[in-house]
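Chemist: Can you look at this prediction? I've put the sequence above it.
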Amino acid sequence: MSGLSEIIDEVLSLVKTSRIFKDRKILLPDYVPDELPHREEQIRKLASILVQVYRGEKPSNVFIYGLTGTGKTAVTKFVLNNLHKRFPDTFRYIYVNTRNSDTPYRILADILEGLGVRVPFTGISTAELFKRLMSQLRSIKYVLIIVLDEIDAMVKKHGDDLLYRLTRVNSELGSPKISIIGITNDVKFIDTLDPRVKSSLSDEELVFPPYNADELRDILWRRAKSGFVEGAVGEDVISLCAALAARDHGDARRALDLLRVAGEIAEREGRNVVTTADVERARLEIERDRVFEIVTTLPLHSKLVLLAVIQGSKSGKSLTTGEVYELYTKLAKSLGLEVITQRRVSDILNELDMVGILSAKVVNRGRYGKTKEVKLAVPVETLVKALDSTVKELDGI
DNA sequence: CATCCACAGGAAGGACGGGGGT
DNA sequence: ACCCCCGTCCTTCCTGTGGATG
């Protein structure tokens, strides 16, 4: 029976002797490299729009589309970084990821914090925050570029009111001071916007096509050269990562994650070379972590609904909303819990679909009504592991 | 060809806990 | 101390719907 410190020593010695990574941070998803291959056209266009700031003038608003992992965020940060190095006094920029800050309140709070204003977590109204932002903006002398990454998520939940008000800030101030860069991975998104917002935000538009397998391979090679020790990864490993990610709509982030995690697996085992088997294991590990994170933070009744779906999926075929509800009701009652309504369960099923844990497709079965076909989208074992602790807690009741 | 199933999913709102302003 | 605002879950009530069936 070995103690914890022994285990740590053992892992450490393996990691020390392993020569896999030269500089691991280069392979992290938010690392912005100093060259972005296959995005030259987008870089040039974005730079030519934003370069206005050199005279202290406000650039046009920009709208950027492209699926996840197509380099939208990297290109935007890259261009802004470089521009800021060149013209440090004429403008500032604030980057807000709307997935993390997905309410108008949080977005405004993030912007204010970017301007150096401390704001309470909650408690005051959004209108009050907006007032504070306006008074802050009145005092600044530079151009402010606000990057709203993944705005589709926020707008879908809370409407485009905030966007509308942000686009009007300039006329309210009486002098043009802020530009907005909107980033979305939903191409149809812009059509759902208020026409006024739409025309204002999409002064300029940029499209980021997915990377193909060759481009992904090239990107991975470049990163691997500075991130990995020479000889640690071979052609086969890179190609597999590229192929897997290309299948997944050309997502470079995913390709890099696969490569990095595969490297970590090899490192943990004290090897000096990453194999294709490591990539395969990395794929499973990434999926497991994602599911685990999502499932453990689910509210109680969402977990119960998921358990009901697992129960009903034993035979492998799909369930209807009604069937899920029936199973859920039995489960909740057997635990002595209040049951929630079918309306709510219907929403929960959609939420679980959205995060990719199950698929809930709406189907019309004519005489037999309109319903959802619910199926698990991840292996049962993964879910069972993630729900394990919850089940134990519930058993305790 | 109308009907009618089994829900979908919008709208409005309420309880509640965390966190303000004054 | 008291009132206000927020997001999160949830309810109630509701109108809408594609296509197999009679």
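Modeler: Alright, I've got the coordinates. This structure is a prediction, so every number in the text was calculated from the model and none was measured.

Chemist: Please identify the helix or strand for the residue nearest the centre of chain A.
Modeler: For chain A, the residue nearest the mean C-alpha position is A:Arg99 (6.5 Å; C-alpha atoms, centre = their mean). Using DSSP states H and E, A:Arg99 is not contained in any helix or strand.

Chemist: can I assume it is in contact with A:Asp149?
Modeler: Yes. Counting by C-beta atoms under 8 Å, A:Arg99 touches A:Asp149, with 7.4 Å between them. Where C-beta positions appear, they are placed from N, C-alpha and C, glycine not excepted.

Chemist: I figured A:Val155 hits A:Asp194, correct?
Modeler: No. A:Val155 is beyond contact range of A:Asp194, at 9.9 Å (criterion: C-beta under 8 Å).

Chemist: Identify the contacts common to the two.
Modeler: A:Leu163 (C-beta atoms under 8 Å, 6 or more residues apart in numbering).

Chemist: Looking at these two, which one has more neighbours?
Modeler: Taking other C-beta atoms under 10 Å, A:Val155 and A:Asp194 do not tie; A:Val155 has more neighbours (26 against 16).

Chemist: Now do the longest helix anywhere in chain A: everything it contacts.
Modeler: Taking DSSP state H as the criterion, chain A has its longest helix at helix A:276-296. Residues from elsewhere that reach helix A:276-296 (C-beta under 8 Å, 6+ apart): A:236-237, A:240-241, A:244, A:257-259, A:261-266, A:303, A:306, A:355, A:357, A:378, A:382-383, A:385-387, A:389-390.

Chemist: Give the buried subset of these as a PyMOL selection command.
Modeler: Applying 16 or more other C-beta atoms under 10 Å to those, the buried members can be selected in PyMOL as follows:
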select buried, chain A and resi 237+240+241+244+257+258+259+261+262+263+264+265+266+303+306+357+378+382+383+386+387+390
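
Chemist: Narrow the contacts of helix A:276-296 to those in helices?
Modeler: A:236-237, A:240-241, A:244, A:257-259, A:261-266, A:303, A:306, A:382-383, A:385-387, A:389-390.

Chemist: Tell me the predicted confidence for the residue of chain A found nearest DNA strand C.
Modeler: As assessed by C-beta to the nearest atom of the strand, DNA strand C sits closest to A:Gly366 within chain A, at 2.3 Å. Note on A:Gly366: pLDDT of 92.

Chemist: And for it, the neighbour number?
Modeler: Counted with other C-beta under 10 Å, residues neighbouring A:Gly366 total 6.

Chemist: try the one 10 residues further on
Modeler: Other residues within reach of A:Leu376 by the criterion other C-beta under 10 Å amount to 20.

Chemist: what pLDDT, on average, does the longest helix of chain A get?
Modeler: 94.

Chemist: So it, near DNA strand C or not?
Modeler: No. Against DNA strand C, helix A:276-296 shows no contacts by C-beta under 7 Å from any atom of the strand, the least distance being 12.1 Å.

Chemist: Please point out which parts of stretch A:287-305 sit buried.
Modeler: A:288, A:291, A:294-295, A:298, A:301-305.

Chemist: So which of these is the closest to DNA strand B?
Modeler: Of the buried residues of stretch A:287-305, the one sitting nearest to DNA strand B (C-beta to the nearest atom of the strand) turns out to be A:Val305, at 11.9 Å.

Chemist: which ones are touching that closest one?
Modeler: A:324, A:328, A:345, A:348-349, A:352.

Chemist: domains of chain A?
Modeler: A:4-29+A:211-294, A:40-208, A:298-396 (automatic domain parsing).

Chemist: Comparing the ones you listed by mean pLDDT, which bottoms out?
Modeler: Minimum mean pLDDT among the domains of chain A: domain A:40-208, a mean of 85.

Chemist: That one: how far from the chain's middle?
Modeler: How far domain A:40-208 lies from its chain's middle: 18 Å, per C-alpha atoms, centre = their mean, to the nearest Å.

Chemist: At which residues are the strands of the stretch 51-200 of chain A located?
Modeler: A:62-66, A:91-97, A:143-149, A:178-184 (DSSP state E, counting those that start in this stretch).

Chemist: can you put those in JSON lines and add mean neighbour count?
Modeler: Shown next, in JSON lines, are these (neighbours: other C-beta atoms under 10 Å):
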{"stretch": "strand A:62-66", "mean neighbour count": "23"}
{"stretch": "strand A:91-97", "mean neighbour count": "20"}
{"stretch": "strand A:143-149", "mean neighbour count": "23"}
{"stretch": "strand A:178-184", "mean neighbour count": "24"}
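
Chemist: okay, those strands in JSON lines with distance to DNA strand C next?
Modeler: Below are those laid out as JSON lines (distance: least, C-beta to the nearest atom of the strand, whole Å):
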{"stretch": "strand A:62-66", "distance to DNA strand C": "24"}
{"stretch": "strand A:91-97", "distance to DNA strand C": "14"}
{"stretch": "strand A:143-149", "distance to DNA strand C": "15"}
{"stretch": "strand A:178-184", "distance to DNA strand C": "19"}
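
Chemist: Could you name the stretch from the ones you listed that's closest to DNA strand B?
Modeler: The minimum distance between DNA strand B and these falls on strand A:178-184, with 18.9 Å, by C-beta to the nearest atom of the strand.

Chemist: That closest one packs against which elements?
Modeler: Helices and strands touching strand A:178-184, by 3 or more C-beta pairs under 8 Å, 6 or more residues apart in numbering; DSSP states H and E, are strand A:62-66, helix A:72-86, strand A:143-149, helix A:151-158, helix A:161-173.

Chemist: Dump these to TSV, plus distance to A:Lys370.
Modeler: Shown next, in TSV, are those (distance: least, C-beta to C-beta, whole Å):
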stretch	distance to A:Lys370
strand A:62-66	32
helix A:72-86	37
strand A:143-149	36
helix A:151-158	23
helix A:161-173	32
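
Chemist: among the ones you listed, which is nearest A:Arg222?
Modeler: helix A:72-86 (13.0 Å; C-beta to C-beta).

Chemist: Which neighbouring elements make contact with that closest one?
Modeler: Applying 3+ C-beta pairs under 8 Å, 6+ apart, one finds that helix A:72-86 contacts helix A:40-50, strand A:62-66, strand A:91-97, strand A:143-149, strand A:178-184.

Chemist: what about 10 Å?
Modeler: Applying 3 or more C-beta pairs under 10 Å, 6 or more residues apart in numbering; DSSP states H and E, one finds that helix A:72-86 makes contact with helix A:40-50, strand A:62-66, strand A:91-97, strand A:143-149, strand A:178-184, strand A:204-208, helix A:252-268.
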